[in-house]
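Undergrad: here you go, sequence then predicted model.
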Amino acid sequence: MNDYDSNRIVDLLRNEMGYEKTDNLEEADLVVVNTCAIREKAHEKTYSDLGRIREVKKLRPSMRIAVGGCVASLEGENVLKRAPFVDVVFGPQTYHRLPDMLRLREETGRSQLDVTFPEIEKFDHLPAPKIEGACAFVSIMEGCSKYCSYCVVPYTRGEEISRPMVDVLMEVAQLADQGVKEVTLLGQNVNAYQGAMPDGNLADFALLLDYVAEIDGIERIRYTTSHPREFSQRIIDCYARIPKLVNHVHLPVQSGSDSVLTAMKRGYTADEYRSICKRLREVRPDISIATDIIVGFPGETEEDFEETMQLIRDVHFDASFSFIFSPRPGTPAARMPDTTPHRVKLARLQKLQALIDSYADEISRTMLGTEQRVLVLGHARRGEGMLMARTDNNRIVNFAGPDSLIDTMVRVKVTEVFPHSLGGELL
C-alpha cells in the first residue's frame, strides 16, 4: 500500500509542480517520508530517518520535508512537536493535497498539517499513473472497519471505503496500455471490496476479478491483503475459472488458537480458516498459501502456541510474515496484561518460522524439473547476463538470457533450489 501511495505521490508532484525524483538526498529540494505505523520498529524509524534528513537540511535550509502516511495520521501535531523542522504533515487520505500544502508553506512561512479522512476524494485528484516495468499496484479500497484489538490501521487510514468499479478498471486499462502485464490489487482487506457500478448496484471482489481478467494485456492478477471473514465461496470459485489469477494467495491467520483469535477480535475460528484453505485446494490443488502470524499476543499460552503450530502443519504454509506482538498506542491490546517473557516469545517465533521455512523448501523442491511460465522483472542481483523473474506462485527464479526478455513472459525449466530463490534454464 505504501509503495502504491509513494508512486502516486511522485506522479502528483511531477504533474502539478514539476518535481523529478532523485536518489541523492543531498540534491533534493523536497524529501517526502512516507511512513508505516503497523509495528513499533517502523514507527520509530520515522524519527531516526528524520534526524538524518535534518542534518542535510541544516546545510540546505531551502529543502522542504514532508511527512506522510500512518505515523503522520496517528501522531498529527506531535510530529511537528518532535521534529519542528518538518514543513508538511499529511495523512494517507490527504496526499492529493500535498502540492497545495507545500504552496501554503511558502506563502505563510508556517508548517502545514492535514491528517483528515475526506472519504475517497484523493483518487479524483490524482493524475493518470505512469509506470515503468511490467508490474503495477492498483489500490481498490482504503481503510479498515474490522478493529482487530491489536491493529492501528482503522485509526490511521479510516473506515473501509471502496473505489467505484469503473475507476479501478480504467486505471488497470491505462496501466495495460503502458505495457503492464501483472497487476496487484490492494486494500487493507481487499476482499471486502464493495464498489459502486454505473447501474447503482455494488460489485463484490469476485465480480471485480472477473472484469479485470477481461482487460487486454493483463496476464496475471495478484491481490493483497485479504481477510478470512470475507473470503467467500464466490472468490474461491474465481480460482476455478480465471487462469490469470495467480497460484498464490496471501491470507493472514494471525493465530491458530481460537481463544487468541477471539482476544484479537478476528471474527473466525481456526477451523473456519482451515475450511477456506481446503476449499481453495479443491479447485487449485497446488496453490501456495502465505500468511501473517503474531507470536506472543497478550495471554498466549504454550497450548495456544501449539495450536498455531498445528494449524501450520495442517495448511503447509508457503511463507509467513511472522512477528512478535508489538503494542500499538490507542489499541485495546496495548492495555492487555502481557506476562510472557520476551525470550519465550523469541523462541516461539524461531520455532514457528523454522517449520514454515521447511514447508517453503519442500514446495520449492517439488518445482525442480518443472516448466514454469515466469514474468521477467530485470537483471539478477548476481551473475553477468543473468535475469530475474517471478513464478506464478511468487518465487524468484534466476536464469541466463538476453535483456530483450525483460518485462515479458517466458518459459523456464527449474534446475536448482536455493533457500530464497530458484535457478532456471530458458526454454
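TA: Looks like it arrived, so ask away. Residues are numbered from 1 along each chain as shown.
Undergrad: so where's the longest helix in the protein?
TA: helix 342-366 (DSSP state H).
Undergrad: put the alpha carbons of whichever helix or strand comes after that one into CSV.
TA: Later in the chain than helix 342-366, the nearest helix or strand by DSSP states H and E is strand 371-379. The C-alpha coordinates for strand 371-379 follow below in CSV (Å, rounded to 0.1, in the frame of the first residue of the first chain):
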residue,chain,number,x,y,z
GLU,A,371,8.4,-25.9,-16.6
GLN,A,372,7.2,-22.5,-15.3
ARG,A,373,5.8,-19.5,-17.1
VAL,A,374,7.5,-16.5,-15.5
LEU,A,375,7.5,-12.7,-15.7
VAL,A,376,11.0,-11.3,-16.2
LEU,A,377,11.5,-8.4,-13.8
GLY,A,378,15.0,-7.3,-14.6
HIS,A,379,18.7,-8.2,-14.1
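Undergrad: pull out the buried positions in strand 371-379.
TA: Within strand 371-379, the residues scored as buried using 16 or more other Cβ atoms under 10 Å are 372, 374-377. Glycine gets a C-beta too; all of them are placed from N, C-alpha and C.
Undergrad: swap in stretch 331-339?
TA: For stretch 331-339, by 16+ other Cβ under 10 Å, it's 331, 333-334, 338.
Undergrad: repeat that for stretch 55-68.
TA: Neighbour-count burial for stretch 55-68 flags 57, 63-68 (criterion: 16+ other Cβ under 10 Å).
Undergrad: state the mean pLDDT of it.
TA: Stretch 55-68 shows a mean pLDDT of 95 in the predicted model.
Undergrad: what pairs with the host helix or strand of Gly68, parallel or antiparallel?
TA: Gly68 belongs to strand 64-69 when assigned by DSSP H and E. If you go by DSSP bridges, strand 64-69 pairs up with strand 30-35 (parallel), strand 88-90 (parallel).
Undergrad: out of these, flag the one nearest Arg343.
TA: Nearest to Arg343, of all these, is strand 30-35, at 29.9 Å by Cβ to Cβ.
Undergrad: where do the strands sit along the stretch 101-250 of the chain?
TA: 112-114, 135-139, 141-142, 161-162, 182-186, 194-196, 202-204, 220-224, 248-250 (DSSP state E, counting those that start in this stretch).
Undergrad: and those strands, which one's lowest on average pLDDT?
TA: Mean pLDDT across the strands of the stretch 101-250 of the chain is lowest at strand 141-142; the value there is a mean of 90.
Undergrad: hmm, who's touching it?
TA: 92-93, 120, 157-158, 160-163, 187-190, 192-193, 195 (Cβ atoms under 8 Å, 6 or more residues apart in numbering).
Undergrad: just those: which are in helices?
TA: Among those, DSSP H puts Arg157 in helices.
Undergrad: just to revisit the earlier point, tell me the one among the buried residues of stretch 331-339 nearest to Leu74.
TA: Of these, the one sitting nearest to Leu74 (Cβ to Cβ) turns out to be Thr331, at 10.6 Å.
Undergrad: from what I can see that closest one touches Val152, true?
TA: Yes. With contact defined as Cβ atoms under 8 Å, Thr331 and Val152 form a contacting pair (5.9 Å).
Undergrad: just to revisit the earlier point, nearest to Glu171, of the buried residues of stretch 55-68?
TA: Gly68 (20.8 Å).
Undergrad: what is the nearest residue to the closest one once chain neighbours are set aside paired to in the beta sheet?
TA: Nearest non-adjacent residue to Gly68, counting by Cβ to Cβ, 6 or more residues apart in numbering: Phe90, 4.6 Å away. Beta bridges link Phe90 to Asp114 when assigned by DSSP bridges.
Undergrad: list the contacts of Phe90.
TA: Counting by Cβ under 8 Å, 6+ apart, Phe90 touches 66-68, 72, 97-98, 101, 113-115.
Undergrad: need those residues in CSV (columns: distance to Thr408).
TA: Below are the contacts of Phe90 laid out as CSV (distance: Cβ to Cβ, whole Å):
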residue, distance to Thr408
Ala66, 37
Val67, 39
Gly68, 35
Ala72, 39
Arg97, 39
Leu98, 35
Met101, 41
Leu113, 46
Asp114, 42
Val115, 42
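Undergrad: out of those, what pair is the most spread apart?
TA: Spatial extent of the contacts of Phe90 (Cβ to Cβ) is set by the pair Val67 and Arg97 at 14.0 Å.
Undergrad: tell me which residues in stretch 179-193 are buried?
TA: Using 16+ other Cβ under 10 Å as the test for burial, stretch 179-193 gives 180-193.
Undergrad: which one of the residues you listed is nearest Cys277?
TA: Distances from Cys277 to the buried residues of stretch 179-193, taken by Cβ to Cβ, are shortest for Asn191, at 14.6 Å.
Undergrad: picking up where we left off before, closest one to Gln174 among the strands paired with strand 64-69?
TA: Minimum separation from Gln174 across these (Cβ to Cβ) falls at strand 30-35, 22.6 Å.
Undergrad: distance from that closest one to the middle of the chain?
TA: 18 Å (Cα atoms, centre = their mean, to the nearest Å).
Undergrad: where in the stretch 101-250 of the chain is pLDDT low?
TA: The stretch 101-250 of the chain contains residues with pLDDT under 70 at 119-121.
Undergrad: can I assume Thr291 sits in a strand?
TA: Yes. Thr291: assigned to a strand according to DSSP: H, G, I helix; E, B strand; the rest coil.
Undergrad: got the strands of the stretch 101-250 of the chain as a markdown table, with distance to Leu368 columns?
TA: Formatted as a markdown table, the strands of the stretch 101-250 of the chain follow (distance: least, Cβ to Cβ, whole Å):
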| stretch | distance to Leu368 |
| --- | --- |
| strand 112-114 | 53 |
| strand 135-139 | 26 |
| strand 141-142 | 39 |
| strand 161-162 | 42 |
| strand 182-186 | 24 |
| strand 194-196 | 42 |
| strand 202-204 | 39 |
| strand 220-224 | 23 |
| strand 248-250 | 18 |
